[in-house]
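1. missing the sequence, but the structure's below:
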């Protein structure tokens, strides 16, 4: 998380935008607005970039309804989870579960920022 926050601060003037999606709290329950604020402050994240996604089906319902999280072979989701879209064409470039040929999220981000 600190890497993504730092990358955002360094590149927001160049068009980088981020969202930090909270699907659950530390007890695997539904996060509250107070928890969201505490989480943002704990990690030095801009509060307007931290959102809650926890609906009737549980955490990350909207996010993973739109993006394949690429779960592990055992069907597990590793947290924290990263996903990266190219804002020019909304191409899904990278996720924690599918690096798509990139070494890490920083390498994928650098490629997008250079385009």
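-> Arrived safely, thanks for sending. Since the structure is predicted, the reported quantities are computational estimates derived from the model, not experimental observations.
2. can we go C-alpha only for contacts and neighbour counts from here?
-> Fine.
3. which stretches of this protein form strands?
-> Secondary structure of the chain (DSSP state E): strands at 20-22, 50-52, 54-55, 58-59, 83-86, 91-95.
4. Can you add mean neighbour count and mean pLDDT and give those back as CSV?
-> Converted to CSV, the strands of the chain look like this (neighbours: other Cα atoms under 10 Å; pLDDT from 0 to 100):
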stretch, mean neighbour count, mean pLDDT
strand 20-22, 20, 95
strand 50-52, 18, 95
strand 54-55, 16, 93
strand 58-59, 18, 92
strand 83-86, 18, 93
strand 91-95, 18, 93
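5. Residue 70 is nearest to which of these?
-> strand 91-95 (7.5 Å; Cα to Cα).
6. And for the closest one, what's in contact with it?
-> Around strand 91-95, the neighbours that count as contacts under Cα atoms under 8 Å, 6 or more residues apart in numbering are 69-70, 81-86, 99-100, 102, 105, 108.
7. okay, the strands of the chain in a markdown table with distance to residue 113 next?
-> Shown next, in a markdown table, are the strands of the chain (distance: least, Cα to Cα, whole Å):
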| stretch | distance to residue 113 |
| --- | --- |
| strand 20-22 | 19 |
| strand 50-52 | 22 |
| strand 54-55 | 31 |
| strand 58-59 | 30 |
| strand 83-86 | 9 |
| strand 91-95 | 12 |
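8. Looking at the ones you listed, which is nearest to residue 2?
-> From these, taking Cα to Cα, the stretch that ends up closest is strand 20-22, at 11.2 Å.
9. Please name the residues that touch the residue nearest the centre of the chain.
-> Taking Cα atoms, centre = their mean, the centroid of the chain lies closest to residue 82, which sits 4.5 Å from it. Neighbouring residues of residue 82 by Cα under 8 Å, 6+ apart: 94, 95, 96, 105.
10. same thing but 10 Å
-> For residue 82, the contacting residues are 1, 4, 20-21, 69, 94-99, 104-105, by Cα atoms under 10 Å, 6 or more residues apart in numbering.
11. circling back: for residue 34, state which of the contacts of strand 91-95 is nearest.
-> residue 81 (21.8 Å).
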